[in-house]
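Enquirer: Just a sequence and a predicted model for now, questions to come.
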Amino acid sequence: MRMHLDISKCLQGLNNMYIDREKQQELFAKYNTPEHVQRHCDEVARVSVLIAEELNERGFELNIEELRGAALVHDVLRTEKEHDRLGAEVLINMELPHEAELVRRHMTYHPFNHADRFEEIDVLCLADRLVKEDCYVGLDERMQYLIDKPGKTPERTERILKAKAHTQDIIDELEGVLGMTLDQLCGKERSMELIHQV
């Protein structure tokens, strides 16, 4: 009986593998992820974890390790077409199906759940929409950055503004749940100070 329990614990341990900093660096090296993309992944992971931890303190049951792992590598193949699908395939091959699903959906996820029903995918996608390169900047600056990217068209701008309006509604809900602004939680002021020091 004791041996059975030990084997069960070992199997349970195998199922609880997550992407950590070491695995992240291995993947970045293997797929030649540019340094600025690496820094972006780190910042999205930081913001994701801050939001998820605050939600968990308020009774949510978000899996922080899965969320952090997916965020750490969500853009590992950003230089490739369909980087979301390809990144997910990499994680499937590593037998990390939950992280793979988060990465697969992070570019196309819509609409968000209401804030009182937030899941890991909501947190990851929201964090990704609030981070410009390697800095939390909030929704306005991030969406303006997307609007101003090369290839600007009225249709694309309209699509981005529509997504922005929906995301702002979700942020308002989320800030109500958290009892603080995302700028306060994620340290926009601190991030801006760091930019000016560089």
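Expert: Ah, there it is. Everything quoted here is computed from the prediction, not taken from an experiment.
Enquirer: any idea which helix or strand carries the residue most central in space within the chain?
Expert: Taking C-alpha atoms, centre = their mean, the centroid of the chain lies closest to L124, which sits 3.0 Å from it. Secondary structure from DSSP states H and E places L124 in helix 120-130.
Enquirer: Run through the neighbouring helices and strands of that helix.
Expert: helix 35-57, helix 64-73, helix 97-105, helix 139-147, helix 154-178 (3 or more C-beta pairs under 8 Å, 6 or more residues apart in numbering; DSSP states H and E). In this view, the C-beta of every residue, glycine as well, is placed from N, C-alpha and C.
Enquirer: where in this protein is pLDDT low?
Expert: Low-confidence segments of the chain, defined by pLDDT under 70, span residues 1-16, 188-198.
Enquirer: quick one: contacts for L185?
Expert: By C-beta atoms under 8 Å, 6 or more residues apart in numbering, the residues touching L185 are L50, I51, E54, L178.
Enquirer: now, which of those sits nearest P150?
Expert: Nearest to P150 out of those is I51 (C-beta to C-beta; 30.5 Å).
Enquirer: Grab the nearest non-local neighbour of that closest one.
Expert: Computed as C-beta to C-beta, 6 or more residues apart in numbering, the closest residue to I51 that is not its neighbour in sequence is V123, at 5.2 Å.
Enquirer: Likewise for T108?
Expert: Counting by C-beta to C-beta, 6+ apart, T108 lies nearest to D84, which is 7.2 Å off, once chain neighbours are set aside.
Enquirer: pretty sure that neighbour is touching V103, no?
Expert: Yes - using C-beta atoms under 8 Å, D84 and V103 qualify as a contacting pair, with a distance of 6.2 Å.
Enquirer: joint contacts of the two?
Expert: H74.
Enquirer: which one of these two has more residues nearby?
Expert: The residue with more neighbours, out of D84 and V103 and counting by other C-beta atoms under 10 Å, is V103; that gives 29 against 20.
Enquirer: Distance-wise, check the more buried one relative to K132.
Expert: Note on V103: its distance to K132, by C-beta to C-beta, to the nearest Å, is 20 Å.
Enquirer: do Y31 as well
Expert: Computed as C-beta to C-beta, the Y31 to K132 distance reads 22 Å.
Enquirer: Backbone dihedrals for A115, please?
Expert: For A115, the backbone dihedrals are phi -60, psi -30 (criterion: degrees, to the nearest 10).
Enquirer: what about it, neighbour count?
Expert: Other residues within reach of A115 by the criterion other C-beta under 10 Å amount to 19.
Enquirer: From T167, how far off is it?
Expert: Between A115 and T167 the distance, using C-beta to C-beta, works out to 12 Å.
Enquirer: Over to L77?
Expert: Using C-beta to C-beta, L77 is found at 24 Å from T167.
Enquirer: more neighbours, the two?
Expert: Neighbours per residue, other C-beta under 10 Å: of L77 and T167, the larger number sits with L77, 23 against 20.
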